[in-house]
Structure formats: structure tokens, C-alpha cells
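**Q** Structure for the following, please:
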Amino acid sequence: MLLFVLILLGLIVGAVVIVVGMYNGLVVLRNRVKNSWSQIDVQLKRRHDLIPNLVSTVKGYATHEKETLENVTMARAQAMNANAGKDVKNIGAAESELSGSLAKLLMTVENYPDLKANENFMALQEELTSTENKIAFSRQAYNDDVMFYNNKIEVFPSNFIATSFNFKASEFFEIENKEEKIVPEVKF
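**A** Modelled structure (predicted):
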């Protein structure tokens, strides 16, 4: 009888240790997803801070490109407002719109050789390029963390723990603008 009680007690303790381990693992993964999102947020803030400087530099040279400059400014405002809501889908859509507006602005700059040679503009353009690369890397890291976390809450047996403790799947940071997914045609 004592042996039976010890075995039963050992099984209960083992089950509790496994449940606690799975729960703690899910918490760690959820926090990793939050941290990855924070890294994206830092880079998006950096991009949003650079844009007014870029726009004001271009304004001095391209006075009749008012619509392009206004579109960039509006897209930046929408992206900043979307960021306040912390909804990944809305932020992704707003940031895609901002990326498109910035691309149009940089294409407009091609018509102004003096602007392209301006040191301030070149430094801002380099800083923006660096920021865009950091955003891309941060998005990739975030999506990797989301995939790992979502897999963990959906696979057996951790799905029971996830359901019991109300762990919810996270959303991927995806490109909303279909044009950004199209591979450009390169002709020489």
C-alpha cells in the first residue's frame, strides 16, 4: 500500500513539474514575441523621426512636388496613429502605405541632381536605408518568434496548457500591399 501511495505521489509531482515547465515555456515564448514587437516598434519610431527631416530637405529643391511630399507626410501620420493601437494588421497596412510613399518620394528625387548631391540628403537617405534594413530584420525575427510561439500553443501536449491558461495566438507582421510582393522586372 505504501509503495502504491509513493508511486501515485511521484506521478502527481512529475505531472505538476511537467505542467509548470510547459507553462513557463509558454510565458517565455510570449515574452519573446512581445520583445520582438518592441524591436520593430523602435525601428518604426526611428523611421518616423527621420521622415520630417527628409521631407524638409526635399522641399527646398522640389517645390512643385507638393502632392508627393503631402502623401509622405499623411502616410507617416497614419502609421504613427496605427502604432498607437498596437494592432499588427493595422500597423502592417499603414507601414506598407508609408513604404510606398517613401519609394515614390525617392523616385521623384531622381529628377533633381542637385538634391542627390546634397550632403544632408545623402546622409538622410543612408540613414533611412539603414533603418529600412533594420525594420526588415526585426520583422523577420518577430515573425520567427510568432511562428515558434504559435506552434507551441497548438501542438500536443502544450496545447492543453495553453488553452487552460488562455494563451492566444499572435499575428504575423505581413505585407498588406500586394504590389510590394511582386518581384520587380529588371532589364539591362
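
**Q** When you work out contacts or count neighbours from here on, use the C-alpha atoms and nothing else.
**A** Fine.

**Q** For the protein, give me the ranges with low pLDDT.
**A** Residues of the chain that meet the criterion pLDDT under 70 lie in 60-66, 84-86, 112-118, 175-188.

**Q** hmm, 90 instead?
**A** Applying pLDDT under 90 to the chain flags residues 1-5, 37-38, 40-133, 135-136, 157-158, 171-188.

**Q** And the helices in it?
**A** Assigned by DSSP state H, the chain shows helices spanning 2-61, 66-85, 88-109, 113-117, 119-154, 158-164, 178-181.

**Q** Just send those back as CSV, with distance to Glu171 and mean neighbour count too.
**A** Shown next, in CSV, are the helices of the chain (distance: least, CA to CA, whole Å; neighbours: other CA atoms under 10 Å):
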stretch, distance to Glu171, mean neighbour count
helix 2-61, 10, 15
helix 66-85, 14, 17
helix 88-109, 7, 19
helix 113-117, 39, 13
helix 119-154, 7, 17
helix 158-164, 16, 16
helix 178-181, 18, 10
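
**Q** I'd like the ones you listed as a markdown table, with distance to Ser170 appended.
**A** Shown next, in a markdown table, are the helices of the chain (distance: least, CA to CA, whole Å):
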| stretch | distance to Ser170 |
| --- | --- |
| helix 2-61 | 8 |
| helix 66-85 | 15 |
| helix 88-109 | 9 |
| helix 113-117 | 42 |
| helix 119-154 | 6 |
| helix 158-164 | 13 |
| helix 178-181 | 22 |
